[in-house]
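Undergrad: Fold the following.
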Amino acid sequence: MKVDVLPIGQDQENSYVLHDRNHVLFIDPGRRAKQIAACVGAKETVDGIILTHGHADHTQAADDLADLYGCDVYMSHQDLILTDPEGVHNYGFDGPVYHEILDLKDHMRIGSFAIDVIATPGHTAGSVCVRCGTLLFTGDTLFAGDIGRTDLFGGSETDLAASLKKLAQLPHDLKVLPGHGPASTIGNELMCNPYFVYAG
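TA: Residues are numbered from 1 along each chain as shown. Below you'll find the model as predicted:
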């Protein structure tokens, strides 16, 4: 599997393009749909779009890409309030997604991609981490040496601490691909991330 990492926009949000046997999966396409689409080969098929949570810096290219490729958009329905066009800009960092959003399941296949979805509330109520093989896409739940904010709508320090305990049980060699910043591994974060100590 090949992964393109595109830090995009003023927040340098990591948009991910996964490639597997001429199939493509987008994760957190935040902005600049044309730049993201440029990573897709002429012979590749786009199977879907996954949003790890509903903040606009992770969702703003979803509609354009869904229109371009005719693919489905997936996100935890716990965060639909953040992407509802009728309630936009009421909750901070929210933004509209006009396409129908399908709910994520714990274990599912999107096209050729088999994924495990781990509910990790704390940054938002519907934040998830997405495991695909040896890769873990953590959105704004877990960064290299840090964690996401809990002071925004739907955030919770208690929930995020419980989510970190859940992530601590994963294989240590699992590669962490966060919503912002450099990659890491679960093992590195257990050793170096002070918030894992806080989570107990």
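
Undergrad: Quick check: the closest residue to T141 other than its chain neighbours vs S15, distance?
TA: Among residues not flanking T141 along the chain, T120 sits closest, at 4.4 Å (CB to CB, 6 or more residues apart in numbering). For the C-beta atoms, the positions are set from N, CA and C on the backbone; glycine is no exception. Distance of T120 to S15, computed by CB to CB, to the nearest Å: 19 Å.

Undergrad: give me the number of residues near the residue nearest to T141?
TA: 28 (other CB atoms under 10 Å).

Undergrad: do Y69 as well
TA: 18.

Undergrad: Could you double-check that it lies in contact with V46?
TA: Yes - with contact defined as CB atoms under 8 Å, Y69 reaches V46; the gap is 3.8 Å.

Undergrad: what is in contact with those two at once?
TA: V40 (CB atoms under 8 Å, 6 or more residues apart in numbering).

Undergrad: Let me see the ranges of the helices in the chain.
TA: 33-37, 62-69, 80-83, 157-167, 186-192, 194-199 (DSSP state H).

Undergrad: Buried ones in the longest one, by neighbour count?
TA: Think helix 157-167. D159, L160, A161, S163, L164, L167 (16 or more other CB atoms under 10 Å).

Undergrad: returning to what we had before: pick the most deeply packed of the helices of the chain.
TA: helix 80-83 (a mean of 22; mean count of other CB atoms under 10 Å).

Undergrad: And that helix, what does it pack against?
TA: Here helix 80-83 touches no other helix or strand, going by 3 or more CB pairs under 8 Å, 6 or more residues apart in numbering; DSSP states H and E.

Undergrad: That helix: how far from the chain's middle?
TA: 15 Å (CA atoms, centre = their mean, to the nearest Å).

Undergrad: what do you get for stretch 95-114?
TA: With CA atoms, centre = their mean as the basis, stretch 95-114 stands 11 Å off its chain's centre.

Undergrad: what's the span of that stretch, first residue to last?
TA: Stretch 95-114 has an end-to-end distance of 28 Å (CA to CA, to the nearest Å).

Undergrad: Equivalent analysis for stretch 101-113, please.
TA: First residue to last in stretch 101-113 (CA to CA) measures 18 Å.

Undergrad: What lies in contact with that stretch?
TA: Applying CB under 8 Å, 6+ apart, the external contacts of stretch 101-113 come out as 18, 20-21, 23, 25, 45, 47-48, 50-51, 72-77, 80, 83, 114-117, 128, 132.

Undergrad: redo that, cut-off 7 Å
TA: 18, 20-21, 23, 25, 47-48, 72-77, 80, 83, 115-117, 128, 132 (CB atoms under 7 Å, 6 or more residues apart in numbering).
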